[in-house]
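1. Sequence plus the predicted model coming up.
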Amino acid sequence: MIKRITKKVIKEVMEVESEVIVCNICGKEINYDEKTLMGPVGRYYRIKTGHYDWCNDSCESIEYTDACCDECLSKFTQKWLKNENVIRSNTAYIEIHKESHTKKG
Ligand SMILES: [Zn+2]
C-alpha cells in the first residue's frame, strides 16, 4: 500500500490595514512623530461636545471631533462658541481629551 501524502501549504495572508487618525478640522493625518517599539505614536485631541437640552435623548447630541494640534483645537473651539445652538443652549458642554494613537501598518 502506497501512502500518498499530500502536503498542503496553508498560506495565511495577513492584511494589514493602515489605520491612522485624521484631523477633522484641517483634514490632515495627525503627527506621528514619536517612535516606539509598537510603531509611530501620534498625539491628538478628542473633543466631545453635546448638551442636556433633550433630557433623556441628550446622549444623541454627543459628537466627537479629532484635532491634530493646538491651532485646530482653537479653531474648533472658537467656531463652537459662536454656534447658534450653543449660544441658545444653557447646558451645552465641550470636553477636550488628550489622546495618543499608534499607527498600524
Ligand atoms: Zn488639524
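-> Ah, there it is.
2. does stretch 56-67 come close to the ion?
-> No. Applying CB under 5 Å from the ion, one finds stretch 56-67 separated from the ion by no less than 5.7 Å. All C-beta spots, glycine's among them, are computed from the backbone N, C-alpha and C.
3. Alpha carbons of that stretch, as PDB, please.
-> Provided in PDB are the C-alpha atoms of stretch 56-67 (Å, rounded to 0.1, in the frame of the first residue of the first chain):
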ATOM      1  CA  ASN A  56     -33.200  61.500  28.200                       C
ATOM      2  CA  ASP A  57     -32.400  61.900  24.500                       C
ATOM      3  CA  SER A  58     -29.400  64.200  25.200                       C
ATOM      4  CA  CYS A  59     -27.000  61.400  24.500                       C
ATOM      5  CA  GLU A  60     -27.900  61.800  20.900                       C
ATOM      6  CA  SER A  61     -26.400  65.300  20.900                       C
ATOM      7  CA  ILE A  62     -22.900  63.900  21.600                       C
ATOM      8  CA  GLU A  63     -20.400  64.400  18.800                       C
ATOM      9  CA  TYR A  64     -16.700  63.600  18.600                       C
ATOM     10  CA  THR A  65     -14.200  65.700  16.700                       C
ATOM     11  CA  ASP A  66     -10.500  64.900  16.400                       C
ATOM     12  CA  ALA A  67      -8.000  67.800  16.300                       C
END
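4. any residues touching it, and which ones?
-> By CB atoms under 8 Å, 6 or more residues apart in numbering, the residues outside stretch 56-67 that reach it are 21-25, 30, 44-54, 73, 76, 91.
5. Drop anything exposed from those residues.
-> Buried residues within the contacts of stretch 56-67, counting neighbours by 16 or more other CB atoms under 10 Å: 21, 23-25, 30, 44-47, 49-51, 73, 76.
6. got any ranges where the chain has weak pLDDT?
-> Applying pLDDT under 70 to the chain flags the ranges 1-2, 5-18, 105.
7. Check it for its longest strand and report it.
-> Using DSSP state E, we find that the single longest strand of the chain is strand 39-50.
8. Direction included, what does the helix or strand that that strand is followed by pair against?
-> Downstream of strand 39-50, the first helix or strand assigned by DSSP states H and E is strand 63-67. Next to strand 63-67 in the sheet, as set by DSSP bridges, lie strand 39-50 (antiparallel).
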